[in-house]
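Q: Got a predicted structure plus its sequence, pasted below:
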Amino acid sequence: MEDRVYEMVESLVRSCAPFFLASVALLLGFLVYLYAPYWRVRRVPGPPATFPVGHIPFLAKHGPDILRAFAKNYGPIFRWTSTRNLITSLYQPAHLASLIPTMHHYATSFCHTISTIQRNREDVPFSELSLRLTMSVIGKTVFGIEFGLLNDDSSGCCNDDDGSCFLRHLIYSVTYLKMDLSGSLSTTLGMIAPVLQKPCREIFKRIPGTADYKLHQINQRLRERIDAIIAKRSIEMTREHKDLLAALLNARDTRLDGNLLTDSHVRTLAVEHLIAGTISVAFTLSMTVYLVSQHPEVEKKLVEEIDRFGPRDLIPTSDDLHFMFPYLDQVIKESMRTYTLAPLVARETSQQVEIGGYVLPKGTWVWLALGVVAKDPELFPEPDVFRPERFDPAGDEEKRRHPYAHIPFGIGPRECIAQKFAIQEVKLALIQLYRHYVFRRSPKMELPPEFQYRLILWFKRDIILRAIKRGSD
């Protein structure tokens, strides 16, 4: 009997051995995949890991203050303030004022491009032209180069030396990359099983026709082109260059700790400004002109204010933009309230706090639904009505409203760093546009405007307008 039992156990072990070995191999492979990233950065200073739970004890000890502990104990590896302070210096009032002639130049070219298009057809693809305007401004102020996107012959391809054609195609490709379940398959799988996202992306990015392949190709071309621009600018650097790229390269080359700002960081920051400073500003400009075109009474007041300022060739100063165009301020704010570019902002509570009668413990993630707040009738009566006067500083509605009811650029230390740059650009563009034109919706434009979430909020269909020349043009 015992021999029989022994034979059965031995047979079971033999039959299960391949499965057991395969399971062990699979588990080891999974652990190697899971911990490979940690092994590659094991020499980066940081808290010691405890096997098998890693840094969980350190996280449990410090909680939401973990990044502060990292910065205090392990230096600049965990700091973002130095880089942010460097970039912030480029958005100080004096530097922004120095950019007004550049922004005004491109706003004037924007009007000339509209005039050129009108020679051949009535309708103006306004959202597309807004992209060209904002990208031209970013090209000059960030990269210090001319993209040539607002030439009179706007259909022509520009000199490839400055990367204008490449970057023009890139910005449209980036605009149309989907960020929902109908887009990248690896992203969809990652939502279901996060561990699958990276290996699936590595596979799909090699298969032509997939969204992952397209994204990989765009990113690769982007890196190559930006690296080429950076390399060229590194050689040609002079004190006359005052753009963002020049400041980043100078910081990279002169900082004592050369690892604080590497070539990769420079590239990332440049691309971030390229994408965010182009699409977001173009969206705001397009929606503002569209909304004004739908409300003649708003248009009348806006045009009267712009005309009162002075002759059409008078370039506003920084103080002029701040003090001489109060209604323009209200129009832009109401446009950004009506169509919120960033509907969600995430924050983490640094201490226990009570909000709306609910107690939130320290370390709680809070999602601020800016798009919902912007349509709250208690904060904004008749929220679906486009009424710029609701932001009149002398009005009772504005005085009663909570100061954080309208925060389109976010709030706190991580609010949009370039918000003043963006508003200045939008103001100068609107002033120049309404000096020469008023706008009406084209019958070819479908209503209402529909939007989609890509890398950033954008239009499903172009904003198409008809530009009507004003007198003395």
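A: Nice, I can see it. Because the structure is a prediction, the values reported are computed rather than measured.
Q: Tell me how many other residues crowd the closest residue to Ala342 other than its chain neighbours.
A: Counting by CB to CB, 6 or more residues apart in numbering, the nearest residue to Ala342 once its immediate chain neighbours are dropped is Leu370, at 6.4 Å. Where C-beta positions appear, they are placed from N, C-alpha and C, glycine not excepted. As a burial measure, Leu370 scores 23 neighbours (other CB atoms under 10 Å).
Q: for Ile279, same thing?
A: 23.
Q: Could you report the distance from the residue nearest to Gln419 when sequence neighbours are not counted to Met103?
A: Excluding its sequence neighbours, the residue lying closest to Gln419 (CB to CB, 6+ apart) is Phe409, at 4.0 Å. Distance, Phe409 to Met103, by CB to CB, to the nearest Å: 18 Å.
Q: So for the two, which residue has more residues nearby?
A: Met103 (24 against 19).
Q: Go ahead and list the helix or strand containing that one.
A: Using DSSP states H and E, Met103 falls within helix 100-118.
Q: Pull the residues that contact that helix.
A: 124-125, 129, 132-133, 136-137, 140-141, 150-154, 315-318, 321, 424-425, 428-429, 431-433, 436-437, 467, 469 (CB atoms under 8 Å, 6 or more residues apart in numbering).
Q: try 7 Å this time
A: 124, 129, 133, 136-137, 140-141, 150, 152, 154, 315, 318, 424-425, 428-429, 432-433, 436-437, 467 (CB atoms under 7 Å, 6 or more residues apart in numbering).
Q: With stretch 429-445 instead?
A: Residues contacting stretch 429-445 (CB under 7 Å, 6+ apart): 104, 107-108, 110-111, 114, 123, 133, 285, 288-289, 293-294, 299, 302-303, 306, 312, 316, 328, 463-470, 473.
Q: Now that we have those residues, which of them are buried?
A: 104, 107-108, 110-111, 114, 123, 133, 285, 288-289, 293, 299, 302-303, 306, 316, 328, 463-467 (16 or more other CB atoms under 10 Å).
Q: Tally up the residues packed near the spatially closest residue to Asp243 that is not a sequence neighbour, please.
A: With CB to CB, 6+ apart as the criterion, Asp243 has its nearest non-adjacent residue at 4.0 Å, and that residue is Gly144. By the criterion of other CB under 10 Å, Gly144 has 19 neighbours.
Q: Contact partners for Gly144?
A: Contact analysis of Gly144 by CB under 7 Å, 6+ apart lists 233, 241, 243, 245-246.
Q: Select only the buried ones of those in ChimeraX?
A: Restricted to buried positions by 16+ other CB under 10 Å, the ChimeraX selection for those reads:
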select :233,243,245,246
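Q: Looks like the residue nearest to Ala342 contacts Leu341 (just checking).
A: No. Using CB atoms under 7 Å, Leu370 makes no contact with Leu341, being 9.0 Å away.
Q: overlap in contacts of these two?
A: Pro408.
Q: where does this protein dip in pLDDT?
A: Along the chain, segments meeting pLDDT under 70 span 1-17, 29-83, 86, 151-183, 191, 194, 238-240, 255-260, 453-456, 472-473.
Q: Would you state the strands of it in chain order?
A: Remark: strands assigned in the chain by DSSP state E are 123-125, 344-348, 353-355, 358-360, 365-369, 437-441, 451-453, 457-459, 464-469.
Q: circling back: okay, and which of the contacts of Gly144 map to helices?
A: Using DSSP state H, the members of those that fall within helices are 233, 245-246.
Q: of these, closest to Gln351?
A: Comparing the ones in helices among the contacts of Gly144 against Gln351 with CB to CB places Leu245 closest, at 39.6 Å.
Q: For that closest one, give me its contacts.
A: Leu245 neighbours (CB under 7 Å, 6+ apart): 142-144, 233, 270.
Q: if I look at it, how far off is Arg225?
A: 13 Å.
Q: again, but for Arg390
A: In terms of CB to CB, Arg390 sits 44 Å off from Arg225.
Q: Name the residue in the two with the higher neighbour count.
A: Ranked by neighbour count (other CB under 10 Å), Arg390 and Arg225 place Arg390 first, with 21 against 16.
Q: Quick check: the gap between that one and Val426.
A: 19 Å.
Q: Ala405 too?
A: Distance, Ala405 to Val426, using CB to CB: 21 Å.
Q: before we move on, what about Glu398?
A: Counting by CB to CB - Glu398 and Val426 are separated by 20 Å.
Q: do Lys333 as well
A: For Lys333, the distance to Val426 equals 11 Å [CB to CB].
Q: same thing with Tyr91?
A: Separation of Tyr91 from Val426 (CB to CB): 15 Å.
Q: So for those two, which sits in the more crowded spot?
A: A direct count of neighbours by other CB under 10 Å for Tyr91 and Val426 places Val426 higher, at 23 against 18.
Q: From Gly277, how far off is the more buried one?
A: 12 Å.
Q: do the same with Ile229
A: Distance of Ile229 to Gly277, computed by CB to CB: 16 Å.
Q: and if you look at Glu236?
A: 23 Å.
Q: quick one: which of the two has more around it?
A: Between Glu236 and Gly277, Gly277 has the larger neighbour count (other CB under 10 Å), namely 21 against 10.
Q: list the contacts for that one?
A: By CB under 7 Å, 6+ apart, the contact set of Gly277 is 134, 138, 418.
Q: Try it again at 10 Å.
A: Contacts for Gly277 (CB atoms under 10 Å, 6 or more residues apart in numbering) come out as 134-135, 137-138, 141-142, 244, 418, 421-422, 425.
Q: for Tyr91, same thing?
A: 99, 244, 416-422, 424.
Q: again, 6 Å this time
A: Neighbouring residues of Tyr91 by CB atoms under 6 Å, 6 or more residues apart in numbering: 418, 420-421.
Q: Kindly reformat these as TSV containing distance to Ser264.
A: Below are the contacts of Tyr91 laid out as TSV (distance: CB to CB, whole Å):
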residue	distance to Ser264
Ala418	21
Lys420	28
Phe421	24
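Q: Buried among those? Make that a ChimeraX selection.
A: Entered in ChimeraX, the line below selects the buried ones among those, by 16+ other CB under 10 Å:
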select :418,420,421
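Q: Just give me the closest of the contacts of Tyr91 to Gln452.
A: Nearest member of those to Gln452, counting by CB to CB, is Ala418, at 23.8 Å.
Q: any idea how far the residue nearest the centre of the chain is from Leu99?
A: For the chain, Ala276 is the residue whose C-alpha lies nearest the centre (CA atoms, centre = their mean; 3.2 Å). Distance, Ala276 to Leu99, using CB to CB: 17 Å.
Q: One more: Glu378?
A: 39 Å.
Q: Ok, Pro388 next?
A: Pro388 is 26 Å from Leu99, where distance means CB to CB.
Q: Pro311 now?
A: Here Pro311 is placed at a distance of 22 Å from Leu99 (CB to CB).
Q: Show me the domain layout of the protein.
A: Following automatic domain parsing, the chain resolves into domains at 17-75, 80-176+241-340+420-469.
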